[in-house]
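Enquirer: 3D, please:
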Amino acid sequence: MIEDKDPKKTALQELGEFQLIKHLTKDFAITNASTLKGIGDDAAVLDLKDKKTVLSTDLLVEGIHFDLSYMPLKHLGYKAVMVNLSDIYAMNAVATQITVSIAVSNRFPLEALEELYAGIELATKSFNVDLIGGDTTSSKTGLLISITAIGVANDNEIAYRSGAKPHDLLVVTGDLGGAYMGLQVLEREKAVFKVNPNSQPDLEPYTYIVERQLKPEARKDIVELLKQLEVTPTAMIDISDGLSSEILHLCEQSNVGCDLYEDKIPLDPTVISACEEFSIDSTLVALSGGEDYELLFTIDQKDFDKIKGNPNLTVIGHMTDASLGANMVTRSGSKIGLTAQGWNSFKE
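Expert: Residues are numbered from 1 along each chain as shown. All right, here's what the predicted structure looks like:
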């Protein structure tokens, strides 16, 4: 297929705000019974009956949270939704609706926003959530995306960060560090491209970790799995800022300490080999890398048999008395205190 070197570009001012919203959202269908009215009125209308409502909002800013030189707009739309759904699943809740607001500069034609919304639409269909509203406005500094996610849960099933008790087991889903190492690969290839624009990066050996960075998957399946296993987490959080930061959040909110075992941290072989290539310590990457969007939670010890041997779940430690602090037990058996070195969007 011959690539179109001069694709059609439609200036956004040709449509105006209301026609733009109508155009970008025309293919979004309503699938949740709780959505009585979505886009098209002054406000959306939801009927959540006797469930508790949970909400989360995230703002993604070009140049701070994403780099369009290697982040395709369709992937960005998908990832922006995942970031928010992950927060809902971290409450042990079911995500049902989202709103999407964007601020966009005139360097983006309509076709670029169509790509962005194609990723958003794929996410809504894959995770059965309804797009019910939002806003569009102009920007002088590129692209900003703000998404609010809404979910529901039974009162007795909501998992806060504050429910962990000493002796609870600390459990993580999936594996860690992939998103950070994927970012390292993309940044390296970007630097090579700047020096030699004719170079073609070979990303195939890094497929898994690059996908972890560009197209993360929120762990809706874990909420469903825990329900099937009849396990209610005592506390839960998603891993957006790195394992150590999230453990410290749980410890602070629950007033407990923690022993994390270094040799239990789940690492994909691709992550280990990439860490060796970049001369980065894999444990440090898991502790501080962030953007994995896995779930970190605590369970009562009596529930251990229910999760034992499950390939989605790894017990990586246990909670202790607050006076003992949050520590990592190294492979050599020594203890070192955990520090928060995760993402800080305000650093220079």
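Enquirer: shouldn't Gln19 be within a helix?
Expert: Yes: counting by DSSP: H, G, I helix; E, B strand; the rest coil, Gln19 falls inside a helix.
Enquirer: who touches the nearest residue to Val271 once chain neighbours are set aside in this structure?
Expert: Using CB to CB, 6 or more residues apart in numbering and skipping the chain neighbours, the partner closest in space to Val271 is Gly177 (4.5 Å). From N, CA and C alone the C-beta is placed, and that goes for glycine too. Residues near Gly177 by CB atoms under 8 Å, 6 or more residues apart in numbering: Leu267, Asp268, Val271, Cys275, Ser282, Val285, Ala286, Gly289, Asp292.
Enquirer: tell me which two in the residues you listed are the farthest apart.
Expert: Farthest-apart pair in these is Cys275 and Asp292; separation 14.4 Å (CB to CB).
Enquirer: out of the two, which sits in the busier spot?
Expert: More neighbours sit around Asp292 than around the other of Cys275 and Asp292, counting by other CB atoms under 10 Å; the figures are 29 against 21.
Enquirer: and the more buried one, how far is that from His167?
Expert: 26 Å (CB to CB, to the nearest Å).
Enquirer: now do Leu186
Expert: Taken as CB to CB, the spacing of Leu186 relative to His167 amounts to 41 Å.
Enquirer: all strands of the stretch 51-200 of the chain, in order?
Expert: Assignment of strands within the stretch 51-200 of the chain using DSSP state E, counting those that start in this stretch yields the ranges 52-61, 94-104, 130-138, 143-153, 169-173.
Enquirer: tell me the average confidence for the last one?
Expert: Right, strand 169-173. Model confidence over strand 169-173 averages 98 on the pLDDT scale.
Enquirer: now the helices for the stretch 151-300 of the chain?
Expert: If DSSP state H, counting those that start in this stretch is used as the criterion, the helices of the stretch 151-300 of the chain fall at 178-195, 207-214, 220-229, 243-254, 269-278, 282-288.
Enquirer: possible to save those as CSV with mean pLDDT and distance to Ile158?
Expert: Converted to CSV, these look like this (pLDDT from 0 to 100; distance: least, CB to CB, whole Å):
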stretch, mean pLDDT, distance to Ile158
helix 178-195, 93, 27
helix 207-214, 97, 28
helix 220-229, 97, 11
helix 243-254, 97, 14
helix 269-278, 97, 32
helix 282-288, 96, 27
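Enquirer: so which of these is nearest Thr148?
Expert: Among the helices of the stretch 151-300 of the chain, the nearest to Thr148 by CB to CB is helix 220-229 (17.5 Å).
Enquirer: how far off centre is the closest one?
Expert: Its chain's average C-alpha position is 18 Å from that of helix 220-229, according to CA atoms, centre = their mean, to the nearest Å.
Enquirer: that one to strand 169-173, inter-axis angle?
Expert: With axes from the mean of the first three to the mean of the last three CA atoms, to 10 degrees as the criterion, the two stretches helix 220-229 and strand 169-173 enclose an angle of 130 degrees.
Enquirer: what packs against helix 220-229?
Expert: Under the contact definition 3 or more CB pairs under 8 Å, 6 or more residues apart in numbering; DSSP states H and E, helix 220-229 sits against helix 73-89, strand 94-104.
Enquirer: of all residues in this structure, which one is nearest the centre?
Expert: The structure's the chain has its C-alpha centroid closest to Val83; by CA atoms, centre = their mean the separation is 3.4 Å.
Enquirer: verify the stated contact: that one with Asp241.
Expert: No: under the criterion of CB atoms under 8 Å, Val83 makes no contact with Asp241, lying 11.8 Å away.
Enquirer: dump the residue contacts of the closest residue to Ile237 other than its chain neighbours.
Expert: Distances taken as CB to CB, 6+ apart put Glu246 closest to Ile237, at 4.9 Å, once the chain neighbours are dropped. The contact partners of Glu246, by CB under 8 Å, 6+ apart, come to Ile237, Asp238, Ile239, Ser240, Leu296, Gly342.
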